[in-house]
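1. Fold the stuff below for me.
(one chain, ligands or ions: 2)
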Amino acid sequence: MTKVIGLTGGIGSGKTTIANYFAAMGVPVYIADDEAKKVMQSASIIKQIKTAFGDFLFENEILNRAKLAEIVFNDADKLSQLNAIVHPAVKQDFELWLNENKKYSYVVYEAAILFESGRYKECDVIITVTAPEEVRIERVVKRDNTTREQVLSRMKMQWNDEKRISLSNFVINNSNLKIAKEEVVKILKILNIKQNQS
Ligand SMILES: CC(C)(COP(=O)(O)OP(=O)(O)OC[C@H]1O[C@@H](n2cnc3c(N)ncnc32)[C@H](O)[C@@H]1O)[C@@H](O)C(=O)NCCC(=O)NCCS
Ligand SMILES: Nc1ncnc2c1ncn2[C@@H]1O[C@H](COP(=O)(O)OP(=O)(O)OP(=O)(O)O)[C@@H](O)[C@H]1O
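-> Ligands and ions are numbered 1, 2, ... in the order given. The predicted structure is shown next:
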């Protein structure tokens, strides 16, 4: 049976960068943030978001993500409401994807909130990607052209590294990408995953 590697880390730690390296090494990767974006374009999810948050978030059925972010990352109850709409749909989508990739011995499920959502319980191996908080803030401000305050408001809704690490099998320090990639190679060896495994 295909084993699932849960790959997580706080905002800006470099999870997606590391996940892409797993993909380059031949391990299929599911990026939950990206898939959630697709799932949120379905009529059923749009309807549920409208009911919970209001029509004003949409223009021609297109969700204004920045407006929704402003609401949910400043109100934990609203974020829980949104998570309750989106997460079951992402879970279902992942299960279909996993079924399509069942010839592989391992796949990677990359998600920022692997622990917060409880999904870590369904993973066989858990990897946390870390980087100092200030570095993470700087990376996201630069990547998203956003503000420090906006990054901090997301961070506040996420677990800290100490908690993540306590439940992880491996930790990848991504202060330096070259060293982080070497860590990936080591993990592949430990798990006996051959490049382009199937
Ligand atoms: C509020 C939304 C519309 C903002 O969209 P936006 O394009 O600005 O951000 P994006 O989705 O690309 O996420 C960027 C980062 O924000 C953080 N973040 C996103 N969702 C969450 C969340 N539910 N809890 C904590 N942090 C989160 C993560 O670090 C993530 O990597 C969006 O984040 C969302 O719909 N979130 C709820 C669904 C969800 O949990 N998606 C993540 C994977 S299932
Ligand atoms: N080791 C590194 N050194 C410098 N920049 C990096 C490093 N790793 C990633 N980055 C850059 O930092 C930014 C954040 O990386 P990435 O998008 O992979 O993080 P993430 O953890 O997936 O973030 P989010 O939680 O927002 O999805 C990107 O612009 C990426 O190119």
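2. Now for K15: which residues touch it?
-> Contacts were defined as Cβ atoms under 8 Å, 6 or more residues apart in numbering; by that measure K15 touches 7-9, 110-112, 129. (C-beta placed from N, C-alpha, C; glycine too.)
3. Name the nearest residue to it, ignoring sequence neighbours.
-> Closest residue to K15 apart from its sequence neighbours, by Cβ to Cβ, 6 or more residues apart in numbering: G9 at 4.5 Å.
4. contacting residues around the one you found?
-> When contacts are counted by Cβ under 8 Å, 6+ apart, G9 is found next to 15, 18, 112, 128-131, 164, 174.
5. can you rerun that using 6 Å?
-> With contact taken as Cβ atoms under 6 Å, 6 or more residues apart in numbering, G9 is in contact with 15, 128-129.
6. rewinding a little: run through the contacts of K15 and flag the ones next to ligand 2.
-> 9, 112 (Cβ under 6 Å from any ligand atom).
7. out of the contacts of K15, what pair is the most spread apart?
-> Pairwise distances across the contacts of K15 (Cβ to Cβ) peak at 11.5 Å, for the pair A111 and V129.
8. Is ligand 1 within reach of the strand or helix carrying T51?
-> Assigning secondary structure by DSSP states H and E places T51 in helix 43-53. No - applying Cβ under 6 Å from any ligand atom, one finds that helix 43-53 is not in contact with ligand 1, the shortest distance being 8.6 Å.
9. in that helix, what's buried?
-> Of the residues in helix 43-53, those with enough neighbours to count as buried (16 or more other Cβ atoms under 10 Å) are 45-46, 48-49, 53.
10. Who are the packing partners of the lengthiest helix in the chain?
-> With DSSP state H applied, the helix covering the greatest number of residues in the chain is identified as helix 76-100. In this structure, helix 76-100 packs against helix 32-39, helix 43-53, helix 65-72, with contacts taken as 3 or more Cβ pairs under 6 Å, 6 or more residues apart in numbering; DSSP states H and E.
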